[in-house]
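# Everything below, folded, please.
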Amino acid sequence: MQAIRSLIIPGWSSDVRLEGKTAIITGANVGIGKETAKDLAGRGVRVILACRDMAKGEQAARDIMREVKGAKVVARQLDLADTKSICQFAENFYNDEKALHYLINNAGVAMCPYSTTVDGYEMQFGVNHLGHFFLTFLLLDLLKHSAPSRVINLSSLAHTMGKIQFDDLSGEKDYHPVRAYAQSKLANILFTRELSKRIEAQGVMAYSVDPGMVNTEITRHLGNPIVTISKTMSFLFKTPAEGAYTTIYCAVTPENEMVTGGYYKDCAFAETSRAGQDDGTALKLWAVSCQLLGIRWR
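Model prediction:
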């Protein structure tokens, strides 16, 4: 088992310090997001945990400050399934903070039964893609002002099964939880690809990340068989700390060693599926996302 496990743990480390930097990490009260926050806090970053559940967010902040000497961590309420909540979060952030160097769009829902966001979008597409798209749009001025800065979007290997169903983005005609999840993860990659072209000249880099197979709460909708597999075959899964490696890699690696718009896995540049390299689909998704959210983003 040890030999198998060694194949999924990146042999990478960094002692880069990041004092004076500020980061937002969505969904950072648990799992990969919390481990990412812990690592960045240990490097001197002021970390804002953007969480839907404030009680869990505040507990996560206390945990990190207890475990990391001198950590500067605070929890703020953010519900990515509600555009009003996203607007309020962004407004509060502009009022309270002067800089933003890292926006890590980590939160996500996976393979859940059909439901919709407050604004009526299918939950996985609405949270995983549209919520983060809108949050990035609202915070972009501060990212530009703080340049060099970075946007890191968490995707998944599941994107390889994805297709952007422009005629049924919300799955109203034919919903399948796995297909909807794969679509949202492909959307993360296409968003990153198009975003990078629009913001690189302003000093903002964008990367998408595949954290790998990680044993986190995101599997809660998958039912008892999957939960049993994740427990009995845990050696096949990364821990949340291991799952955070590539996100951290994309945050601390010098820009001249990175490819903006690129997809990273196991702390290295990786190839996406063919669909993840389709610039035409990326541009169309951008336009449709702006239309759905009622925003103009050139």
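# Next one: residue 73 from residue 247, what distance?
Distance of residue 73 to residue 247, computed by C-beta to C-beta, to the nearest Å: 16 Å. Every residue, glycine included, has its C-beta placed from N, CA and C.
# Now do the buried residues in the helix or strand harbouring residue 242.
Under DSSP states H and E, the secondary-structure element containing residue 242 is helix 240-243. For helix 240-243, the neighbour count (16 or more other C-beta atoms under 10 Å) marks 240-243 as buried.
# Tell me how confident the model is about it, as a mean pLDDT.
The pLDDT scores in helix 240-243 average 93.
# again with stretch 142-158
97.
# how about that stretch: buried residues?
Buried, per 16+ other C-beta under 10 Å, within stretch 142-158: 142-143, 146, 149-158.
# Pull the helix holding residue 242 out as PDB, backbone CA atoms only.
Output of helix 240-243 as PDB, limited to C-alpha atoms (Å, rounded to 0.1, in the frame of the first residue of the first chain):
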ATOM      1  CA  PRO A 240      -6.900  17.100   2.400                       C
ATOM      2  CA  ALA A 241      -3.400  18.400   3.200                       C
ATOM      3  CA  GLU A 242      -2.000  16.500   0.200                       C
ATOM      4  CA  GLY A 243      -4.900  17.700  -1.900                       C
END
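# Quick check: residue 87 touching residue 135?
No - when contacts are counted by C-beta atoms under 8 Å, residue 87 is not listed as touching residue 135 (9.5 Å).
# Looks to me like residue 41 is in a helix.
Yes - membership of residue 41 in a helix is supported by DSSP: H, G, I helix; E, B strand; the rest coil.
# Ignoring the adjacent residues along the chain, who's closest to it?
Closest residue to residue 41 apart from its sequence neighbours, by C-beta to C-beta, 6 or more residues apart in numbering: residue 71 at 3.9 Å.
# Strands of the protein, start to end?
Assigned by DSSP state E, the strands in the chain fall at 22-26, 46-51, 72-77, 102-105, 149-154, 204-210, 263-265, 268-270.
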